[in-house]
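Novice: structure of the sequence below:
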Amino acid sequence: MLSAARVRRRSLVLLYHRVAAPESPPGSIVPSVPGGLFRRQLQVLGEIGELLPLSALLRSSEPRRKVGFAITFDDDHPSHVEQALPVLRELGVPATFFLSGRALHGLGPYWWELLEWQIATEGLERTRRRLHLRGSTPAELAAECEIDAASRRLLEMLPSASIPQLDPAGLSMLAHAGMSIGFHTLRHPVLTMVPDQALHRELLDGRDELERAVRREVRLLAYPHGKADPRIARAARTAGYHGGFRTGGRPVSDSADPFLLGRWEPGALETDDFAAQAALRLNLPVGAPEGSGSRASSGRMDEG
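Specialist: Residues are numbered from 1 along each chain as shown. From the prediction side, this is the model:
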């Protein structure tokens, strides 16, 4: 399967959100991958393929001896610097961090981090009642909040402890370490639900400030919640980006739309299953359904 993918010039872009130890606590919306497992996954990719900078993977037209893999991260989480960066440096692996730069604007945590905190401190049932939701699991509550602005506003009004964020020093540390920086939008909306008149603003607000903070041009975009369609892709192109990424778990090839590229979130797969899933996904059809991907379903075979 790897040989077939190489001949067909397939590559795979992987997505991570948090690298932490030892595992995700109960009630987590976004799972954590333990640091030791993250290291093993990278080592497997280096054995079965070639780990490349995302920009090199996208622009290279030369034949490869091995399939290409690129590592990416989303969101402004301090574990990027505290846990992921030391492993990347140790193994000499390049990565791209798609950041919002919320700390540059004095913005608080993302809404799902507030939801995680509420579930952890007050329990799922009380959180469900306070937010007037119907779900019976953390993932179901998150899926409701994702499309319900009223629930998200209510979350922001509830008292919560200080939730760590990636601060401006962390942003600079990633850039100085040689990691690539992309944009993930400042407010992290579901772009497919944003009307045309507000879309351009959502794609650009905060990008200039992030560029100044990391002292480099930021021209790759990861769509919030992994959701995009041809309308969003056209808007991203118009906004001056060079490529856009959703989820869907599909491979990248020369024929792929550069503004509707797929990524795969492997989660906490151990090495044998991880290698098998990577080989399988390299041979899936390139295109993913419009608007595929969500926090509740990322990493599963049925996500796209």
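Novice: buried residues in stretch 229-245, which are they?
Specialist: Under the neighbour-count criterion of 16 or more other Cβ atoms under 10 Å, stretch 229-245 has D229, I232, A233, A235, A236, R237, A239, Y241, H242, G243, G244, F245 buried. (C-beta placed from N, C-alpha, C; glycine too.)
Novice: the fifth one: what's it in contact with?
Specialist: Going by Cβ atoms under 8 Å, 6 or more residues apart in numbering, A236 touches L203, L221, Y223, A228, G244, F259.
Novice: which residues sit against the strand or helix carrying the fifth one?
Specialist: This points to G244. Secondary structure assignment for G244, by DSSP states H and E: strand 243-245. If you take Cβ under 8 Å, 6+ apart as the criterion, strand 243-245 is touched by 13, 58, 72, 98, 219-223, 228, 232-233, 236, 258-263.
Novice: let's have the buried residues of stretch 229-245 in TSV, adding pLDDT and distance to R281.
Specialist: As requested, the buried residues of stretch 229-245 are exported to TSV (pLDDT from 0 to 100; distance: Cβ to Cβ, whole Å):
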residue	pLDDT	distance to R281
D229	97	21
I232	98	23
A233	97	21
A235	98	27
A236	98	24
R237	97	26
A239	97	29
Y241	98	24
H242	96	24
G243	96	19
G244	97	19
F245	97	15
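Novice: can you say which two of those residues are spatially most distant?
Specialist: The two members of the buried residues of stretch 229-245 with the most space between them (Cβ to Cβ) are D229 and H242, at 19.0 Å.
Novice: give the buried subset of the contacts of A236 as a PyMOL selection command.
Specialist: This is the PyMOL syntax for the buried subset of these, where burial follows 16+ other Cβ under 10 Å:
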select buried, resi 203+221+223+228+244+259
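Novice: nearest to V87 among the contacts of A236?
Specialist: Looking at the contacts of A236 and their distance to V87, the nearest is L221, at 25.2 Å (Cβ to Cβ).
Novice: and the strand or helix carrying the closest one, how far out from the chain's middle?
Specialist: L221 belongs to strand 220-222 when assigned by DSSP H and E. Here the centre of mass of C-alpha atoms in strand 220-222, compared against the chain's by Cα atoms, centre = their mean, to the nearest Å, lies 10 Å away.
Novice: then stretch 276-290?
Specialist: 17 Å.
Novice: can you check stretch 71-82 too?
Specialist: For stretch 71-82, the separation from the chain centroid amounts to 9 Å (computed by Cα atoms, centre = their mean).
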